[in-house]
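Novice: here you go, sequence then predicted model.
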Amino acid sequence: MFADAAKPLALTLKLWWRFWPQLVAMVLLGIVFGDLFMQIAARAAFLNHMAGLALLTLVALTQLTVTVAMFQTLLPALPATRAAQQAARSEASGEVPSGGARLARMVTVALLPFFAYYAAWGFLGDTVRQYSRVTLDMAPFGESAGNVLDVLDSRWLVLSVAISWLIRRFANAMQKRGEARSFWQIVVVICETNWIFIGLYVISRWKDDVVGWLMSRNIFSVLQAAADGMAAPIASAFADPMVPVEVTSVDTTARLVNLFFYMLLPVIWLVLAALIYGYDVRDDKELMRAHQRVERLGARYSTIPKFLRDFVEHFISGYRSRYLPIANGVRITLSSGVVLVVTLIVGYRLVDWLAAWAWLGTTRLIGPHELDTWQVLSHGVSLLFGSPFQDSSTGILVEPLRICFLAAILETAFALPKRQTSGGAQPTGPKGAAEVEAQNA
Amino acid sequence: MMRKMANVILLLLATALCYGLQVSKPHYAELIGPIPAYGKLGDAVVGRGFEARAAKVAFSRNLKVDRYGQTKVFTTGGIWAVVTVEFAASAQSTTVAVASWRGPTGLAYDQTERLSFADGLLPVAIDPGLPKKARLIFEVRPDEVSNATLLISEKLMSALDSQAEISLGPVAAGADGLPAETVDTLDLTQPI
Amino acid sequence: MTARSLDWESGQGERKWRRRSLWALLLLVPLALAGQAYDSVKTLLGGEDLFPRQVAWGQSAHFGGSDWKLTDLRGAFGMSSLPPDSVPVLADFSVKVGDPDLQKLWLGCKVMLIDAEGRRWSPTSAVSLKAPGDVHTCVSAIFSGARRGDTLNLRETFLVPRQATKTIRPAVGLASERPHFLFFQLEKD
Amino acid sequence: MLEAARSRLKAGIVAGIGTAAAIAVAGVLGAFGARHEPMPVLAQTSRIETGQWLLQPLKAYVTDGKHAYGAPLKPGGKALVLEVEMTNRTAKSSKDYFEILRASQTAVDAATKPFIVLMRDSTLSPELHPGMPERMAYIWEMQPGVVSPTSFDLMVIGKTYKQRDNLYGLPGWFNPTPIGTLTLAVGAGPDKAQVQP
């Protein structure tokens, strides 16, 4: 049992030791370009809020590209994951993409669904939060900036999406004519990112409203009252000690919900990692059947106007090749035993926790200074351990470790001997061969 | 069955551990919070810009204060706690402006704002080489008196700057629940 | 192409990239730090009096658009009701206004005394000595409406421990000139 | 003995689950029906919780002196005074009580901010400390030439605690929302004997 938990940890360190220069360099590149784009976006926001938001796409794209690239860097050291990929690929088409083509493929195929997932889980909110802070900082006394996000509630969004759709069409056409393929490919990616970014962020805001409204209903308050009544009586006389309302107002339900999402996040990140590695690991009969059901809906769907279909197809058309493997990759991990899942959750959170304490410890080591001096010093500390706001993990000591850990967990899951014997619904034929190969490797 | 039980126990342990990590992880407010300089009653507590020595603590039901030439008696809903503190500046002139009384359960009582007209209270300007005495005056609940901590800093938002944390130690309570040496009226018109 | 040769090739590539990344770190770390800390360093330098510009006794120095000259520095002994072993010190300057936009150039004006150990005293409010009518403090001079060519008489009062009076020297800092500040030498130096 | 305890526990659990389910169903149904339910009317005698504060309204009256608890009034002006006992329920001293009571009254201009005075010694808006009840007077200047009303309508506004705000991740009190309305009878004037501390 402890051996099971120790294996991914040892692999994490091994990966880190083998690849740290590349990983750190990539994190730094991400920081440099992310900062640059963030400044541009914030400055643009003063001219036009919509333009600021559109440019913010580049920041998100930078963060994601760096993450994807870091995972890809580790691939040569993950034999089991690679073997599974190769087996699936030979089953599908037999072609092995090389060099530059692989990178383009990686960006178009892995990045976009990854991005959608990333947005759907609210990680984009962090980018938007950084953006709000930067614009607020730039505004003299925070007045003229107003709320740079007010455009999210305006109709101009539609225009922005329409424009990026037009540009994308044009880029697609240019690409087909064979002029500067990779350049137009990048244009297409940026346009698509833009509408996913804006679309999903707006949706997530609406979702928050709906959830908030639901949560504010009495169903929860009744249950809470029962739970809190036992836990925290409110005292009013001096005879009883006073319990401040900050303590009593964070109720048991909220605490449990918080803890649930706190423990869920590492799993989400594993899904994201699987998504990056797993775009070729496909095969699942049951999910196939669901797919056919969806296809039957297709007849009705084709009556929708073309541009809408174009938009929707991003999420639906390729989902067999894109999303089935993800589901598979995650299912493999989650079914590979409680020990591994627990290792994932606890390990991921431990990295996070240690980074925060390292931040605090460093401030104590450096000691008190005037605010202006600390403003300068804090950038150095942030470079090592990530931003003190804890909404972006860009510390050069933390981020590579996190990526290595996630990759190590996934690799351990793919390499587990259990998978071969655990029966029926599991992949057959070439897949099994891949695993044998993986264990030999 | 045994395996299942083991898994459940493992999951519960992991949940407990995660809860511990979640609760004990420092967040932004803690990361950029003040850096404490610890000390006891009577110690000279050395911060970056200033030094503070809490000499004594007195409790009273009422305070006698000069207000614009008139002597007035001030009552309170709890109890008055008056701390005499000697300040010194380290390397350059500065102003100590903020003090609060943190009770044993973590409730924070800021300096009272009802006596802002009186002399010898914060904010106090201090120069290097010229120590100065001042009074810190709090209104507190009687049950927040014992084992309290005095927090003193130069500015309100003293992010990553020194904050003197002076533990004031236990205070014996009398029969009425107030500290044993509580006086009826403390005369603040007297010099410190 | 066998798997083995592929592995070997990728191993070569990996080593190459590892070496390249290590070199890149030398460039990227300072670049990332500079990019992030640029604004803060600017604020820091613009807010602190760090680098002294020495002014000899009797000389005047061009600072913040005007010519500054220290005219007198003396103690006012024999005052009662002050802390023991403390001396009020008066610093007098005469400033010939060059650029009259004082509200901009003299913003954040700070006159101080610095002793041999580097301790700094700011003007005090504990002592108030009567001054003749046309004497300003640095801050009140900003709003005096002085024109080009006018000469302003400035006086600041400090409270200093007796043993520090031997080595104190006056200094002037302005936001428009930071991180540089004027550091006046005395007659006896 | 243990058996009995166990079966009782079982019954308790079943009953508990049943209740919870019933509450859940009722709650969900209520959730969709009760979006625009009217603002609750708060009783004057009750203790009102606004998040940070515990309020106990004492009385309301019209005064027409030169001063009301040291707050200067315009010559010939009248003021509507509400006396209320306030307790800080939070862990920190605070004066975040400027927005908790809003006069919805024709006699008072909606834009007028009240003077808020500590009744003990007429200190203007001091910080109140955790767990220490204090009597405060809210003093609204009335519009000139208005007849003194016989009842006083107020809206009570509460905030909610967030451990981390959205922008910086700092703890604080956010999102002011009305939690109820309050109507008080307006008396003739301050009853000196009762008011003085």
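Specialist: Right, received. Where do you want to start?

Novice: contacts and neighbour counts: CA atoms only from here.
Specialist: Fine.

Novice: the chain: strands as residue ranges?
Specialist: You didn't pick a chain, so chain A it is. Using DSSP state E, no strands are found in chain A.

Novice: ah, no, chain B please
Specialist: Along chain B, the segments classed as strands by DSSP E run B:35-40, B:44-46, B:50-67, B:70-74, B:79-89, B:94-96, B:98-102, B:108-110, B:124-126, B:132-140, B:148-153, B:162-169, B:183-187.

Novice: so which of these is nearest D:Arg47?
Specialist: strand B:132-140 (22.5 Å; C-alpha to C-alpha).

Novice: what is the burial count for the closest residue to chain A within chain B?
Specialist: Using C-alpha to the nearest C-alpha, the single residue of chain B nearest to chain A is B:Asp161, 4.4 Å away. Neighbours of B:Asp161 under the rule other C-alpha atoms under 10 Å in any protein chain shown: 25.

Novice: repeat for B:Thr112
Specialist: Neighbourhood size, B:Thr112 [other C-alpha under 10 Å]: 20.

Novice: hang on, isn't it packed against B:Ile137?
Specialist: Yes: applying C-alpha atoms under 8 Å as the test, B:Thr112 and B:Ile137 come out as touching, 6.2 Å apart.

Novice: okay, and the common contacts of these two?
Specialist: Between them, B:Thr112 and B:Ile137 share no contacting residue under C-alpha atoms under 8 Å, 6 or more residues apart in numbering or on different chains.

Novice: so does stretch D:90-106 get close to chain A?
Specialist: Yes: counting by C-alpha under 8 Å from any C-alpha of the partner chain, contacts between stretch D:90-106 and chain A involve D:90-91.

Novice: ok so, going back, how about the strands of chain B, which one is nearest chain D?
Specialist: For the strands of chain B, the distance to chain D is smallest for strand B:108-110, at 4.7 Å, taking C-alpha to the nearest C-alpha.

Novice: what parts of chain B come near chain D?
Specialist: Counting by C-alpha under 8 Å from any C-alpha, the residues of chain B close to chain D are B:27-29, B:74-75, B:77-78, B:106-110, B:112-114, B:139-141.

Novice: now the buried members of the residues you listed.
Specialist: In terms of neighbour count (16 or more other C-alpha atoms under 10 Å in any protein chain shown), the buried residues within the residues of chain B next to chain D are B:27-29, B:74-75, B:77-78, B:107-110, B:112-114, B:139-141.

Novice: does the closest residue to chain C within chain D count as helix, strand or coil?
Specialist: Of all residues in chain D, the one sitting closest to chain C is D:Tyr168 (18.1 Å; C-alpha to the nearest C-alpha). What DSSP: H, G, I helix; E, B strand; the rest coil gives for D:Tyr168 is coil.

Novice: contacts only, for the residue nearest to it when sequence neighbours are not counted.
Specialist: Excluding the flanking residues, the one nearest D:Tyr168 by C-alpha to C-alpha, 6 or more residues apart in numbering or on different chains is A:Phe389, at 6.3 Å. By C-alpha under 8 Å, 6+ apart, the contact set of A:Phe389 is B:27-28, D:168-169.

Novice: the longest strand in chain D is where?
Specialist: Chain D, longest strand under DSSP E: strand D:172-187.

Novice: return the set of buried residues in that one.
Specialist: Those would be D:173, D:178-184, D:186-187, for strand D:172-187 by 16+ other C-alpha under 10 Å.

Novice: contact residues of chain D facing chain B?
Specialist: D:91-93, D:120-121, D:123, D:126-127, D:129-134, D:168-171.

Novice: from these, list the buried ones, please.
Specialist: Buried among the residues of chain D next to chain B (16+ other C-alpha under 10 Å): D:91-93, D:120-121, D:123, D:126-127, D:129-134, D:168-169, D:171.

Novice: out of these, which sit inside strands?
Specialist: D:Glu134.

Novice: which residues of chain A lie near chain C?
Specialist: Counting by C-alpha under 8 Å from any C-alpha, chain A sits next to chain C at A:19, A:21-22, A:24-25, A:28-29, A:31-32, A:35, A:76, A:372-373, A:375-376, A:379-380, A:383.

Novice: can you do 7 Å?
Specialist: A:21-22, A:25, A:28, A:31-32, A:372-373, A:375-376, A:379-380 (C-alpha under 7 Å from any C-alpha of the partner chain).

Novice: format the residues you listed as a markdown table; extra columns: neighbour count and pLDDT.
Specialist: As requested, the residues of chain A next to chain C are arranged in a markdown table below (neighbours: other C-alpha atoms under 10 Å in any protein chain shown; pLDDT from 0 to 100):
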| residue | neighbour count | pLDDT |
| --- | --- | --- |
| A:Pro21 | 20 | 94 |
| A:Gln22 | 24 | 93 |
| A:Ala25 | 25 | 95 |
| A:Leu28 | 26 | 94 |
| A:Ile31 | 27 | 92 |
| A:Val32 | 21 | 93 |
| A:Asp372 | 17 | 88 |
| A:Thr373 | 17 | 90 |
| A:Gln375 | 19 | 89 |
| A:Val376 | 20 | 91 |
| A:His379 | 22 | 91 |
| A:Gly380 | 19 | 92 |
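
Novice: most widely separated two among those residues?
Specialist: Farthest pair in the residues of chain A next to chain C, by C-alpha to C-alpha: A:Gln22 and A:Asp372, 33.4 Å.

Novice: could you chop chain D up by domain?
Specialist: Domains of chain D are assigned by automatic domain parsing as D:1-37, D:41-195.

Novice: so where does C:Lys104 fall, helix or strand?
Specialist: Per DSSP states H and E: C:Lys104 is located in helix C:102-105.

Novice: chain center to that helix: distance?
Specialist: Centre-to-centre, helix C:102-105 and its host chain are 16 Å apart (C-alpha atoms, centre = their mean, to the nearest Å).

Novice: what average pLDDT does that helix get?
Specialist: Confidence for helix C:102-105, expressed as mean pLDDT, is 84.

Novice: before we move on, what about stretch C:143-159?
Specialist: For stretch C:143-159, the per-residue pLDDT averages 85.

Novice: and it, end to end?
Specialist: 25 Å (C-alpha to C-alpha, to the nearest Å).

Novice: residues in contact with it?
Specialist: Residues external to stretch C:143-159 that are found in contact with it (C-alpha atoms under 7 Å, 6 or more residues apart in numbering or on different chains): C:86-100, C:122-124, C:134-138.

Novice: and the helices in chain D, which stretches?
Specialist: Under the criterion DSSP state H, chain D contains helices at D:2-33, D:192-195.

Novice: these: lowest mean pLDDT?
Specialist: helix D:192-195 (a mean of 38).

Novice: point out where chain D drops to low pLDDT.
Specialist: D:1-37, D:65-67, D:188-197 (pLDDT under 70).

Novice: can you tell me which of the residues of chain A next to chain C is nearest A:Gln72?
Specialist: Nearest to A:Gln72 out of those is A:Gln22 (C-alpha to C-alpha; 11.1 Å).

Novice: residues contacting the residue nearest to that closest one when sequence neighbours are not counted?
Specialist: Closest residue to A:Gln22 apart from its sequence neighbours, by C-alpha to C-alpha, 6+ apart: C:Ser21 at 5.2 Å. Taking C-alpha under 7 Å, 6+ apart as the criterion, C:Ser21 is in contact with A:21-22, A:25.

Novice: try it again with 10 Å
Specialist: For C:Ser21, the contact set (C-alpha atoms under 10 Å, 6 or more residues apart in numbering or on different chains) comprises A:19-26, C:15, C:27-28.
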